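Peer 1: no FASTA, just this:
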């Protein structure tokens, strides 16, 4: 595991590669994703040969993304409470089994639309379990000041695989058949498993404060519900991908029916997306220096919409390849910006769960959007559907530009500044609920400003574990105000002590400056009996 360097030396887009473990796992992930793209292009093309129904074709995208929507949060809980390395190895074995089954079915000529959709759905379950844990390990591999660069490199790696995998898949499918494509995917999983086995991740010590599944699930929901910064990221992502999903759902049909392409040409289209994404990743550091997060997301929307509008007019194949390069640039700008901001607004203790919700929104929107655009195309035609989606993406991006994305610069490392609570007798840590009271003395002229400051603190209390919060005035003392909040158990309150961040500490200091008197505000704890 990397150590945080307090001096934070100068970094650039490729400096995370200076951390050997990150470089190793990144390389393995490129090989693994290449295999996945080979498998996906084979399955997507095979289903167009088995059925010319746009809804059936779009269901492949839905089958791949719906499990992530349904299982992302439980998967995020697992990634936060179990050994992430072991979880990732188990998931890789599951996904290799899916591709192995596809290989056997293709060998025996038993592949049908139903088999393809069903096995794609099982692969989606593996992706649901894999995604939060894989993204959550990034801060374990590089220091915090390299996090955004590492996230960008992960996106770059995916799109290198996107550039290589689909083209390779198309060639394998056209020259050697589906068995070769699925066999290449099975082989790719061994590289990822080997890299994960090489990583000697330090075992997390078991203590009485270790979270269990259902408690961790509730804590994750509380955090997401109270995090306004994450809400903005999720809303911007949902509306972007709702319209952008059209191109991914319909691209196999666009390649076959509108552009009169072959399996090889479809692979070239996806490969061009990957090459464009690589170019976009290389441009990102320069773009970040000139544009805000919101400017980057608007640029991405305009580029993606331009591609959809142009494809609606059935351009020649060479121009379609150029358009796919542009789509790749726009796509990686959106993915890297949204994912980077989501990573930056989440503390380590809930990172897997928070990213799981982000992935749930991302994949749920893609799943619903893909099915919706498939149904629209069935009635309105491919060209009209692309025009509608492109126009909708531009309009929504312009309207949402006012919903500013968070900067993601807050210090979310644990402050560990709360004093240990005094306990007169042995307390069962599982017992609860627990009531915490903080008594302040605030002058009447400061009360309005105090209430404004403490309501900001209330969001932090809820994010870190409180399920109820309130503020009361003492009837016989006009200067006495009582803040209270409820936590479900003594164990959860002790976890709260470990979760409070430096950013939360600043909110607390802003509240305490209104407290009058030489002594600190009086804190008391009460546990149900």
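Peer 2: Looks like it came in fine. This one's a predicted model, so the numbers in the text were calculated from it and none came from an experiment.
Peer 1: so the most far-flung residue of the chain relative to its centre: helix, strand or coil?
Peer 2: Largest separation from the mean C-alpha position in the chain: residue 476, at 50.6 Å (Cα atoms, centre = their mean). Of the three states, residue 476 takes coil under DSSP: H, G, I helix; E, B strand; the rest coil.
Peer 1: how close does it sit to residue 450?
Peer 2: 19 Å (Cβ to Cβ, to the nearest Å). (Glycine included, C-beta is placed from N, CA and C.)
Peer 1: equivalent analysis for residue 326, please.
Peer 2: 53 Å.
Peer 1: over to residue 267?
Peer 2: With Cβ to Cβ as the criterion, residue 267 and residue 450 are 63 Å apart.
Peer 1: try residue 14
Peer 2: Using Cβ to Cβ, we find residue 14 at a distance of 48 Å from residue 450.
Peer 1: name the residue in the two with the higher neighbour count.
Peer 2: residue 450 (20 against 14; other Cβ atoms under 10 Å).
Peer 1: helix, strand, or coil at the residue lying closest to the more buried one once chain neighbours are set aside?
Peer 2: Computed as Cβ to Cβ, 6 or more residues apart in numbering, the closest residue to residue 450 that is not its neighbour in sequence is residue 514, at 4.3 Å. With three-state DSSP as the basis, residue 514 sits in coil.
Peer 1: so residue 514 makes contact with residue 445?
Peer 2: No: using Cβ atoms under 8 Å, residue 514 is not in contact with residue 445; the gap is 10.2 Å.
Peer 1: the two: which is more packed in?
Peer 2: Neighbour totals were compared for residue 514 and residue 445, and residue 514 leads with 18 against 7 (other Cβ under 10 Å).
Peer 1: per-residue pLDDT, that one?
Peer 2: Predicted confidence (pLDDT) for residue 514: 91.
Peer 1: how close does it get to residue 225?
Peer 2: 27 Å.
Peer 1: do residue 26 as well
Peer 2: For residue 26, the distance to residue 225 (Cβ to Cβ) stands at 34 Å.
Peer 1: next one: residue 472
Peer 2: Separation of residue 472 from residue 225 (Cβ to Cβ): 23 Å.
Peer 1: tell me where the model's unsure across the stretch 101-250 of the chain.
Peer 2: Applying pLDDT under 70 to the stretch 101-250 of the chain flags residues 162, 203-210.
Peer 1: which residues of it fall in helices?
Peer 2: With helices called from DSSP state H, counting those that start in this stretch, the stretch 101-250 of the chain shows them at 113-136, 138-141, 147-175, 178-198, 213-226, 228-253.
Peer 1: okay if I get the ones you listed as JSON lines plus distance to residue 82 and mean neighbour count?
Peer 2: Shown next, in JSON lines, are these (distance: least, Cβ to Cβ, whole Å; neighbours: other Cβ atoms under 10 Å):
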{"stretch": "helix 113-136", "distance to residue 82": "9", "mean neighbour count": "21"}
{"stretch": "helix 138-141", "distance to residue 82": "14", "mean neighbour count": "20"}
{"stretch": "helix 147-175", "distance to residue 82": "22", "mean neighbour count": "23"}
{"stretch": "helix 178-198", "distance to residue 82": "14", "mean neighbour count": "20"}
{"stretch": "helix 213-226", "distance to residue 82": "9", "mean neighbour count": "18"}
{"stretch": "helix 228-253", "distance to residue 82": "23", "mean neighbour count": "22"}
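Peer 1: let me have the ones you listed in CSV, extended by distance to residue 378.
Peer 2: Output for the helices of the stretch 101-250 of the chain, formatted as CSV (distance: least, Cβ to Cβ, whole Å):
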stretch, distance to residue 378
helix 113-136, 16
helix 138-141, 40
helix 147-175, 25
helix 178-198, 26
helix 213-226, 35
helix 228-253, 10
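Peer 1: and the closest residue to residue 158 other than its chain neighbours, what is it in contact with?
Peer 2: Ranked by Cβ to Cβ, 6+ apart and with sequence neighbours excluded, the top spatial neighbour of residue 158 is residue 33, at 5.5 Å. Applying Cβ atoms under 8 Å, 6 or more residues apart in numbering to residue 33 gives the contacts 157, 158, 161, 162, 165.
Peer 1: is it true that the first one touches residue 31?
Peer 2: So that's residue 157. No: taking contacts as Cβ under 8 Å, residue 157 lies outside contact range of residue 31: 9.6 Å.
Peer 1: per-domain residue ranges of the chain.
Peer 2: Per automatic domain parsing, the structural domains of the chain span 15-400, 434-527.
Peer 1: please identify the most buried of those.
Peer 2: domain 15-400 (a mean of 21; mean count of other Cβ atoms under 10 Å).
Peer 1: for that one, measure first residue to last.
Peer 2: One end of domain 15-400 to the other measures 33 Å (Cα to Cα, to the nearest Å).
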